[in-house]
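*Asks:* Test case, fold it:
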Amino acid sequence: MQHIPLDEAVTIGVDFGTLSGRAVVVSVADGAQLGEAVHEYRHGAAEHTLPRTGERLPPDWALQVPEDWRDVLRHAVPKALERAGAGRDRVVGIGTDFTACTVLPTTADGTPLCDLPRFADRPHAYPKLWKHHAAQPQADRINSLAAERGEAWLARYGGRISSEWEYAKALQLLEEDPELYRAADRWIEAADWIVWELTGAESRNLCTAGYKGIHQPDLLSGSGRPGPEFLRALNPEFADFTRKVDFPLSPLGGRAGGLSPRAAAWTGLHEGTPVSVGNVDAHVTSAAARALEPGHMLAIMGTSTCHIMNSDRPADVPGMCGAVKDGVVPGLWGYEAGQSGVGDVFAWAVRTALPASYEREALQRGLGPHELLTEKAAEQAVGEHGLVALDWHSGNRSVLVDHHLSGLILGLTLDTRPEEIYRALLEATAFGTRTIVDAFELAGVPVTEFTVAGGLPKNAFLMQIYSDVLRRPINVIGSRQGGALGSAIHAAVAAGAYPDIQAASAAMGSIHRAVHTPDPDRARAYDLLYAEYKELHDHFGRGGSGAMHRLRALRTRARTAVTLPDLDGASA
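*Replies:* Residues are numbered from 1 along each chain as shown. Take a look at the predicted model:
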């Protein structure tokens with residue numbers, strides 16, 4: 001660390017989210033957040049049209065523009081430093097985290113293919129955001145082949161590789177735009193790419209490699225990834241894919257390098273300022289929430305929810321996103337699971353189920369639509385609405401790992417009110433989390449403590465539902481910016497201020513314990529609703545009905561103008 005007294009030193013954490021990036025200036029001594037700034041992406045998340053041409057995108061696509069990420073460094077970092085009243089001489093390190101799997105094709109020097117004029121009109125040249133789910137057919141083939149061959153690594157991912165992860169998205173790139181696939185020297189997580197932009201040198205982190213890139217060195221020889229024989233069986237041209245992702249992996253909390261002159265000019269920081277190894281938003285938040293000990297599950301709740309937990313041993317937990325040695329902190333096995341839609345599901349309810357009279361009431365009372373629906377929903381007893389929902393509007397990440405599933409609400413009548421639909425959806429996400437917790441415990445990985453972070457825990461009613469459904473006390477992180485704080489904590493370790501992530505977390509992280517506790521009567525009532533949820537979950541998600549897949553196929557064909565078969569199966 002630079003020769004700056006600990007009580008004067010600060011680090012900067014930069015959290016790259018789905019729609020914006022935020023920077024936080026943090027005291028190295030105690031984690032106090034001294035200043036922050038948010039920069040909204042100009043292009044946001046491109047889910048319907050290609051950002052630079054307006055070309056319509058197929059269903060289930062989600063792209064981003066790298067220049068939006070650079071703008072976070074140019075605008076949010078200097079503004080946060082200014083608001084903190086801290087000069088750059090006090091900054092001993094900077095760390096970053098990213099949504100994952102957000103992945104992009106680049107040249108050998110790190111230039112995104114979408115930044116090259118000749119590729120600017122090609123959708124596959126752009127970064128694929130975590131919620132790009134159009135690679136489900138490729139994921140299905142990867143899973144089928146791995147199961148057929150008895151690949152031991154498949155169990156480390158709960159038995160199924162997600163369409164969100166690196167290999168499925170890369171195979172989609174190859175099969176839909178082979179010229180671009182061949183032009184891509186690198187296939188790199190945005191978490192690593194942004195560090196490349198900051199330091200001028202390529203690096204790769206253990207976290208994304210393990211969870212999103214099928215890196216399991218104790219099960220796979222050579223590069224620690226699936227070999228060319230497996231890849232060739234998927235597609236002959238895919239046999240060389242490993243060379244696009246293979247690179248020496250750096251430990252979490254390590255120093256990736258120093259700020260390059262270009263990045264120093266962007267951020268207003270000194271050239272050479274230590275930059276920590278890249279990481280994932282959910283995983284760094286564990287340090288911010290002091291949730292690093294084995295059995296302590298952290299749910300980072302926003303547009304989606306990611307569940308992170310450490311253990312002292314590996315186990316095969318059905319439907320998890322991965323078990324990775326050193327994946328969250330060195331020395332422990334890190335587990336990840338998740339729900340693809342949570343806040344996004346609540347936003348859908350507001351967009352589609354809020355009548356004009358409710359909008360007027362919210363406006364007159366100075367409330368937001370979520371606040372109004374929450375207030376009205378809280379007036380009901382458990383089960384009074386007669387509804388149960390499946391929270392699969394964006395597919396199911398855990399435990400079914402199937403992004404061609406869809407949402408469902410059962411029990412609607414002509415008397416059903418908007419707040420009842422809203423409450424059923426809140427409850428459905430809690431049931432989804434309970435399904436995940438149950439899967440861990442049935443696999444012999446106990447969950448001893450449960451903490452929440454992100455934007456949604458500010459809804460106390462929602463958190464009480466979770467406490468009642470889970471039958472557990474709910475802790476709440478002490479920071480509003482868990483990802484950015486977690487990155488600042490990792491930056492402090494990279495700068496040498498603390499010997500390891502655990503020590504930095506103890507000093508700089510924060511947690512409020514048992515903020516919400518379960519009510520026994522409500523918990524018993526939720527047990528009954530949860531039983532109904534589980535019946536629907538298994539029926540639609542485990543093969544009892546293929547209706548959701550058939551409906552999605554019809555939707556995709558209609559939207560892409562593919563000829564549909566007529567009723568007797570002949571081509572129309």
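*Asks:* Where is the longest helix in the chain?
*Replies:* helix 418-442 (DSSP state H).
*Asks:* immediately after that helix, which helix or strand?
*Replies:* For helix 418-442, the following helix or strand on the C-terminal side (DSSP states H and E) is strand 449-454.
*Asks:* Show me how far that next one is from its chain's centre.
*Replies:* Relative to its parent chain, strand 449-454 has a centroid offset of 15 Å by CA atoms, centre = their mean, to the nearest Å.
*Asks:* Check which helix or strand the closest residue to residue 11 other than its chain neighbours maps to.
*Replies:* Take residue 11 and drop its neighbours on the chain: the residue closest to it by CB to CB, 6 or more residues apart in numbering is residue 491, 4.0 Å away. All C-beta atoms are positioned from the backbone trio N, CA, C, and that covers glycine. Per DSSP H and E, residue 491 falls inside helix 482-494.
*Asks:* after that helix comes which helix or strand?
*Replies:* Proceeding N to C from helix 482-494, the next assigned helix or strand is helix 501-508, under DSSP H and E.
*Asks:* Show me what that following helix is packed up against.
*Replies:* Applying 3 or more CB pairs under 8 Å, 6 or more residues apart in numbering; DSSP states H and E, one finds that helix 501-508 contacts helix 281-288, helix 482-494.
*Asks:* now the angle from the shortest one to helix 501-508?
*Replies:* Following axes from the mean of the first three to the mean of the last three CA atoms, to 10 degrees, one obtains 60 degrees for the angle between helix 281-288 and helix 501-508.
*Asks:* just the CA coordinates of helix 281-288, formatted as CSV?
*Replies:* In CSV, the C-alpha atoms belonging to helix 281-288 read as follows (Å, rounded to 0.1, in the frame of the first residue of the first chain):
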residue,chain,number,x,y,z
ASP,A,281,-21.2,-8.5,-8.4
ALA,A,282,-22.9,-11.1,-6.2
HIS,A,283,-19.6,-12.7,-5.1
VAL,A,284,-17.9,-9.5,-3.9
THR,A,285,-21.0,-8.6,-2.0
SER,A,286,-20.4,-11.5,0.3
ALA,A,287,-17.4,-9.6,1.7
ALA,A,288,-19.4,-6.4,2.1
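*Asks:* coming back round to it: show me what counts as buried in the longest helix of the chain.
*Replies:* 418-437, 439-440 (16 or more other CB atoms under 10 Å).
*Asks:* Touching, residue 272 and residue 255? I think so.
*Replies:* No: with contact defined as CB atoms under 8 Å, residue 272 does not count as touching residue 255 (11.1 Å).
*Asks:* between the two, which one's more packed in?
*Replies:* Higher neighbour count among residue 272 and residue 255: residue 255, with 19 against 14, using other CB atoms under 10 Å.
*Asks:* Report the separation between the more buried one and residue 278.
*Replies:* 12 Å (CB to CB, to the nearest Å).
*Asks:* tell me the contacts of residue 147?
*Replies:* 154, 159 (CB atoms under 8 Å, 6 or more residues apart in numbering).
*Asks:* Residue 140 versus that one, what's the distance?
*Replies:* Separation of residue 147 from residue 140 (CB to CB): 11 Å.
*Asks:* try residue 32
*Replies:* 48 Å.
*Asks:* Could you check which of the two is surrounded by more residues?
*Replies:* Of the pair residue 32 and residue 140, residue 140 is the one with more neighbours under other CB under 10 Å, namely 16 against 13.
*Asks:* ok, what's across the strand from residue 337?
*Replies:* Beta-bridge partners recorded for residue 337 (DSSP bridges): residue 307.
*Asks:* confidence score at it?
*Replies:* Listed pLDDT for residue 337 reads 97.
*Asks:* try residue 568
*Replies:* Note for residue 568: predicted pLDDT of 36.
*Asks:* burial count for residue 553?
*Replies:* When neighbours are defined as other CB under 10 Å, residue 553 has 14 of them.
*Asks:* mind checking how far it is from residue 60?
*Replies:* Residue 553 sits 12 Å away from residue 60, taking CB to CB as the criterion.
*Asks:* centre of the chain versus the worst-scoring helix or strand of the chain on mean pLDDT, how much separation?
*Replies:* The weakest-scoring helix or strand in the chain, judged by mean pLDDT, DSSP states H and E, is helix 547-559 (a mean of 92). Distance, stretch centre to chain centre, for helix 547-559: 26 Å (CA atoms, centre = their mean).
*Asks:* Check which residues of that helix are buried.
*Replies:* Neighbour-count burial for helix 547-559 flags 548, 552 (criterion: 16+ other CB under 10 Å).
*Asks:* mind listing what the nearest residue to residue 551 once chain neighbours are set aside touches?
*Replies:* Nearest non-adjacent residue to residue 551, counting by CB to CB, 6+ apart: residue 406, 6.9 Å away. If you count contacts by CB under 8 Å, 6+ apart, residue 406 has them with 392, 393, 395, 548, 551, 552.
*Asks:* how far away is the closest residue to residue 134 other than its chain neighbours from residue 403?
*Replies:* Spatially, and ignoring its direct neighbours in sequence, residue 134 is nearest to residue 60 (4.2 Å; CB to CB, 6+ apart). Residue 60 sits 7 Å away from residue 403, going by CB to CB.
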